[in-house]
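Q: Attaching a predicted model along with its sequence, questions to come.
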Amino acid sequence: MLWISALMIVSSIPSLPWSYYYTFVLEEKHGFNKSTKKLWIMDQIKTWVLVAVFGLPILAGFLKIVDWAGKSFVPWLMLFM
């Protein structure tokens, strides 16, 4: 779980400059941006928190089912979903 969390954070870092550019350069150029820099940062943090709150328990369930069921894990994962 720690590995997945670290991988999520590390993999999202390269997309931050692009997200910033789209929000504060392109959208402002065309008059669509109503966001502030503080709001943008808070949205990024909230996104990471929500992914952790919802994604990590689901991933833990998937891994537990795979560990428990062995080679016949697919039907059990379908029931879990």
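A: Perfect, I can see it now. Residues are numbered from 1 along each chain as shown.

Q: Please tell me how far Ile58 sits from Thr23.
A: Taking CB to CB, to the nearest Å as the measure, Ile58 and Thr23 are separated by 29 Å. (Glycine included, C-beta is placed from N, CA and C.)

Q: Who has more neighbours out of the two?
A: Per other CB atoms under 10 Å, whichever of Ile58 and Thr23 has more neighbours is Thr23, with 17 against 11.

Q: Can you list the buried residues in the host helix or strand of Phe62?
A: Using DSSP states H and E, Phe62 falls within helix 56-69. Buried residues in helix 56-69, counting neighbours by 16 or more other CB atoms under 10 Å, are found at Ile65.

Q: got the buried residues for the helix or strand following that helix?
A: Scanning forward in sequence from helix 56-69 by DSSP H and E, the next helix or strand is helix 73-80. Using 16+ other CB under 10 Å as the test for burial, helix 73-80 gives Trp76.

Q: elements contacting helix 73-80?
A: Other helices and strands packing on helix 73-80, by 3 or more CB pairs under 8 Å, 6 or more residues apart in numbering; DSSP states H and E, are helix 56-69.

Q: got the angle for the helix it packs on vs helix 73-80?
A: Counting by axes from the mean of the first three to the mean of the last three CA atoms, to 10 degrees, helix 56-69 lies at 140 degrees to helix 73-80.

Q: which residues are contacting helix 56-69?
A: 1, 4-5, 73, 76-77, 80 (CB atoms under 8 Å, 6 or more residues apart in numbering).

Q: Checking Phe32 next. Helix, strand or coil?
A: When classified by DSSP: H, G, I helix; E, B strand; the rest coil, Phe32 comes out as coil.

Q: That one - how many residues pack around it?
A: Residues lying near Phe32 (other CB under 10 Å) number 10.

Q: Please apply the same query to the one 10 residues further on.
A: Residue crowding around Met42 was assessed by other CB under 10 Å; the count is 11.

Q: Next up, the contacts around it.
A: With CB under 8 Å, 6+ apart as the criterion, no residue contacts Met42.

Q: any idea how far the helix or strand containing it is from the chain center?
A: Per DSSP H and E: Met42 is located in helix 37-50. Put simply, helix 37-50 sits 11 Å off its chain's centre (CA atoms, centre = their mean, to the nearest Å).
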